[in-house]
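In: coordinates only, sequence not included:
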């Protein structure tokens, strides 16, 4: 099953006649981490949701290398504020596997494995909604990765977390990346962008203002807005 | 006051001696109401989940109707069921009038809107919480509804208990369709109405206390089985 290259042509999201995002043309290949940066309201979240297919396209189209229905099956999404099922950690982890018809015993084995990878093995029987913010985000990440998606979208996954939790999450992400999962991640944290990015999309006013390999973007940004943004100036 | 005391005393003796007639009536009350509750839950809970997650044109209308029907007057329901089940009615040939089945039908009709409305409220709230996650996980409509019903189970228990409360204390409808026939369709509420009418206040009070005791016992039992207030914060 090959998802990439993915091409988006002229995609747009409009609400009440106002263009929130777009038009955007974008081609993504199947490796590494693509980090979406930009000021608040630039449309980072909406872009991720459009690509994932949970927000409605007002115009344009997105083509994966396989039929869209199948592509949806190999994607995961981690939200800024993790959504916990009102169940135990174990039941949260096996949920996506059970949806795919994995037998219970096998699903439990994989859940234990993933809980160990994200450091939640001692909490398998705890109720997920009472975990701390960092633990919830790690659980959300494990729950998204357990079904071995080809591409994982992350919408500011560390926005509400402290340094240690952020580092743990980044370790998991780096590991997933080297295991071949394509990461598409939006972030406010320039340090995080530098640490994780292979490729950067700089969004401004709903459009891609500048894009390119991470090294080029961070060291030799082309546009004045990107330079200002990287300096830490307020860009609108 | 004298009536109240002698009622209490009589209730005590009726219960302690396991009075045969009382046990029969109480068990029939339970049987009718629990059957109605089971049938109503099977109808109301999936309906509530469906209305909560599915966007269709008449959705608001259905919700408004469900809410309005919560206050359905039992006597009217009884009357309508009576008309439908009576000899000359469309279901007359089934011979259901003045049987416990008819009482179950009437009670089911009365509590379905109540259970569906309460369940809908909590399922809708949970759906708002889960929406993004479940959409992102690409779940089917059936998986979505099953997940919501399961994770909402505590709130659904409350909805079911509200339905039970309304059904067990209900007298107007089952009096009409059941007929309060001794050893056939007499239940606690209709027996209380009858004894009060006869001026047997003590016995009526005794039956009343038994009814209250029964309702409390069932509620406690269900809470205990459902482990509400014991684990988790939901």
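Out: Yep, that arrived. Keep in mind that what you see is a predicted model, and the values were worked out from it rather than measured.
In: so what's the spatially most distant residue from the centre of chain B up against?
Out: Going by CA atoms, centre = their mean, the residue of chain B most distant from its centre is residue B:136, 37.2 Å out. Residue B:136 makes contact with A:52, A:54, A:75-77, according to CB atoms under 8 Å, 6 or more residues apart in numbering or on different chains. Where C-beta positions appear, they are placed from N, C-alpha and C, glycine not excepted.
In: and the worst-scoring helix or strand of chain B on mean pLDDT, what does it pack against?
Out: The least trusted helix or strand in chain B, going by mean pLDDT, DSSP states H and E, turns out to be helix B:2-16, with a mean of 80. Where contact means 3 or more CB pairs under 8 Å, 6 or more residues apart in numbering or on different chains; DSSP states H and E, helix B:2-16 is packed against helix B:201-226.
In: mind running it again at 10 Å?
Out: Counting contacts by 3 or more CB pairs under 10 Å, 6 or more residues apart in numbering or on different chains; DSSP states H and E, helix B:2-16 is packed against helix B:20-53, helix B:201-226.
In: chain center to it: distance?
Out: The chain centre lies 27 Å from the centre of helix B:2-16; the measure is CA atoms, centre = their mean, to the nearest Å.
In: how near is the residue farthest from the centre of chain B to residue A:94?
Out: For residue B:136, the distance to residue A:94 equals 17 Å [CB to CB, to the nearest Å].
In: for residue B:208, same thing?
Out: Residue B:208 is 50 Å from residue A:94, by CB to CB.
In: which outside residues touch stretch A:217-224?
Out: Defining contact as CB atoms under 10 Å, 6 or more residues apart in numbering or on different chains, one finds that stretch A:217-224 is touched by A:35, A:37, A:190, A:193-194, A:197, A:199-202, A:204, A:209-213, A:216, A:226-231, A:235.
In: from those residues, which land in strands?
Out: A:35, A:37, A:199-202, A:204, A:209-213 (DSSP state E).
In: switch those over to CSV; also include neighbour count, distance to chain B and pLDDT.
Out: Converted to CSV, those look like this (neighbours: other CB atoms under 10 Å in any protein chain shown; distance: CB to the nearest CB, whole Å; pLDDT from 0 to 100):
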residue, neighbour count, distance to chain B, pLDDT
A:35, 27, 20, 92
A:37, 25, 22, 89
A:199, 20, 23, 90
A:200, 23, 24, 90
A:201, 23, 20, 90
A:202, 26, 25, 89
A:204, 20, 25, 86
A:209, 19, 27, 86
A:210, 20, 28, 87
A:211, 17, 25, 86
A:212, 16, 28, 85
A:213, 13, 29, 88
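In: so, low pLDDT: which residues of chain B?
Out: B:1, B:227-234 (pLDDT under 70).
In: go again with 50.
Out: Residue ranges of chain B with pLDDT under 50: B:233-234.
In: distance of residue A:11 relative to residue A:24?
Out: 5 Å.
In: now do the shared contacts for those two.
Out: Contacts common to residue A:11 and residue A:24, judged by CB under 10 Å, 6+ apart, are A:47, A:50-51, A:60.
In: so which of those are in strands?
Out: Using DSSP E, the shared contacts of residue A:11 and residue A:24 in strands are residue A:60.
In: and of the helices and strands packed on helix B:2-16, who's closest to residue B:118?
Out: helix B:20-53 (8.2 Å; CB to CB).
In: kindly calculate the angle that the closest one makes with helix B:201-226.
Out: Calculated by axes from the mean of the first three to the mean of the last three CA atoms, to 10 degrees, helix B:20-53 forms an angle of 50 degrees with helix B:201-226.
In: tell me which residue of chain A is furthest from the middle?
Out: Most distant from the centre of chain A: residue A:105, at 29.0 Å, with distances by CA atoms, centre = their mean.
In: wasn't that one part of a helix?
Out: Yes - assessed with DSSP: H, G, I helix; E, B strand; the rest coil, residue A:105 lies in a helix.
In: ok, now which ones touch it?
Out: By CB under 10 Å, 6+ apart, residue A:105 lies in contact with nothing.
In: residues from chain B in reach of chain A?
Out: Residues of chain B lying close to chain A (CB under 10 Å from any CB of the partner chain) are B:126, B:129-140, B:143, B:147, B:150-154, B:231-234.
In: for burial, what's the neighbour tally of residue 107?
Out: Looking at chain A here, since you left the chain open. Look at residue A:107: counted by other CB atoms under 10 Å in any protein chain shown, it has 20 neighbours.
In: you answered for a different chain; I wanted chain B.
Out: Residues near residue B:107, counting by other CB under 10 Å: 30.
In: look up how far chain A lies from it.
Out: 31 Å (CB to the nearest CB, to the nearest Å).
In: quick revisit: max pairwise distance over the contacts of residue B:136: which two?
Out: A:54 and A:76 (11.8 Å).
In: the two: which is more packed in?
Out: Between residue A:54 and residue A:76, counted using other CB under 10 Å, the more crowded position is residue A:76 (24 against 18).
In: any residues touching the longest helix along chain A, and which ones?
Out: In chain A, taking DSSP state H as the definition, the longest helix is helix A:163-178. Contacts with helix A:163-178, where a contact means CB under 10 Å, 6+ apart, come from A:31-33, A:76, A:78, A:114, A:117-119, A:132-138, A:140-142, A:144-145, A:148-149, A:152, A:154, A:157-161, A:181-183, A:185, A:189, A:191-192, A:195-196, A:198.
In: quick one on the thing from earlier: just the buried residues of the least confident helix or strand of chain B, please?
Out: Within helix B:2-16, the residues scored as buried using 16 or more other CB atoms under 10 Å in any protein chain shown are B:7, B:10-11, B:14-15.
In: how about stretch A:48-58?
Out: A:48-55, A:57-58.
In: what about that stretch and chain B, any contact?
Out: Yes - looking at stretch A:48-58 against chain B by CB under 10 Å from any CB, the contacts come from A:49, A:52-55.
In: same question, stretch A:1-9
Out: No - Stretch A:1-9 lies apart from chain B when judged by CB under 10 Å from any CB; the minimum separation is 14.1 Å.
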